[in-house]
Every structure is written in structure tokens, then in C-alpha cells.
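Undergrad: fold the stuff below for me.
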Amino acid sequence: MSGPFSLRYLHLFVREKSPGAFILSRNGRSADFVGGSGGDVAAELRRYADRSGYRYFWFALASSADEAARLEHSWHHRYRPTDNAAPSRSQGADWHCTIEGCAACALAQPMR
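TA: Sure thing, here's the model as predicted:
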């Protein structure tokens with residue numbers, strides 16, 4: 001993971017189209033939002049930067065959409081961002097959380 005960087009200089013740090021995950025912050029010290037993209041993390045970061053009060057970001061590029069989703073999910077659990085409702089469900093229908101006792105993921109699971 002690289003950062004924190006000022007969102008003002010996003011174009012200098014995230015240049016290529018790639019899957020990845022990111023953390024957004026208002027103060028540069030804590031995670032306020034965790035997100036990701038299976039195709040273009042730079043575009044997703046720009047989308048949030050244009051319409052938010054966030055000032056800083058961290059990011060990591062991934063080799064695949066699945067890796068980006070796993071990284072996003074892992075960061076959600078590790079940093080507990082204040083602005084996310086629940087971890088992303090982009091992993092597909094058979095996906096299940098590997099974090100023991102994760103109530104947020106249990107509630108997000110579809111009924112079987």
C-alpha cells in the first residue's frame with residue numbers, strides 16, 4: 001500500500017488503468033472510506049475525489065479483479081472505515097467472508 005497522498009495530486013501517483021483498492025481520509029491519519037475497482041482504480045478514485053470531503057488517499061494496484069476485491073474486503077475489516085456501510089459484495093454469489101465472527105458480512109450474505 002502506498003500513501004498517504006493528497007487527492008489534489010492523484011494524477012501523479014495513480015496513472016495506469018488497473019484493478020486495485022484504496023482508502024480515503026479526511027485527515028490523512030485514519031480511514032474514512034475503503035473502496036476498490038476490478039478494472040480501473042484510478043477512475044474510481046477520481047469519481048470519489050470529485051464529490052467528497054476527502055483530502056488524502058492510500059492505494060494498491062492488484063493483478064486481477066478478484067485480488068482487488070479481496071484487498072478491499074481485508075482493508076475494510078482491518079481499518080473499519082467510518083463511511084462504509086458494509087464490505088463490498090462484488091466477489092460473487094458463492095463468496096463468503098473469511099473473517100471469523102464478522103457480523104457485517106453475515107448480514108450482507110444472501111438468504112439461502
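Undergrad: CA atoms for contacts and neighbours, from now on please.
TA: Will do.
Undergrad: so which residue is smack in the middle of this protein?
TA: residue 35 (2.2 Å; C-alpha atoms, centre = their mean).
Undergrad: tell me what it is bridged to.
TA: With DSSP bridges as the criterion, residue 35 is bridged to residue 22.
Undergrad: how about the strands of the protein, start to end?
TA: 2-6, 20-25, 33-37, 56-61 (DSSP state E).
Undergrad: isn't the residue nearest to the centre of the chain right up against residue 22?
TA: Yes: between residue 35 and residue 22 there is a contact at 5.4 Å, judged by C-alpha atoms under 8 Å.
Undergrad: now do the shared contacts for the two.
TA: Residues touching both residue 35 and residue 22 (C-alpha atoms under 8 Å, 6 or more residues apart in numbering): residue 72.
Undergrad: quick revisit: show me what contacts the residue nearest to the centre of the chain?
TA: By C-alpha under 8 Å, 6+ apart, residue 35 lies in contact with 21, 22, 23, 72.
Undergrad: between the strands of the chain, which gets nearest to residue 84?
TA: Checking those against residue 84 by C-alpha to C-alpha gives strand 33-37 as the closest, at 5.8 Å.
Undergrad: next one: residue 24 from residue 79, what distance?
TA: In this view, residue 24 and residue 79 are 11 Å apart by C-alpha to C-alpha, to the nearest Å.
Undergrad: overlap of the contact sets of those two?
TA: Counting by C-alpha under 8 Å, 6+ apart, the common neighbours of residue 24 and residue 79 are residue 31.
Undergrad: so these two - more neighbours on which side?
TA: Counted by other C-alpha atoms under 10 Å, residue 24 and residue 79 do not tie: residue 24 has more neighbours, with 30 against 14.
Undergrad: contacting residues around the more buried one?
TA: Neighbouring residues of residue 24 by C-alpha under 8 Å, 6+ apart: 31, 32, 33, 34, 54, 55, 56, 57, 58.
Undergrad: and the first one, how many neighbours does it have?
TA: Each residue near residue 31 was counted by other C-alpha under 10 Å, and the total is 24.
Undergrad: test my guess that it contacts residue 79.
TA: Yes: counting by C-alpha under 8 Å, residue 31 does reach residue 79; the two are 6.1 Å apart.
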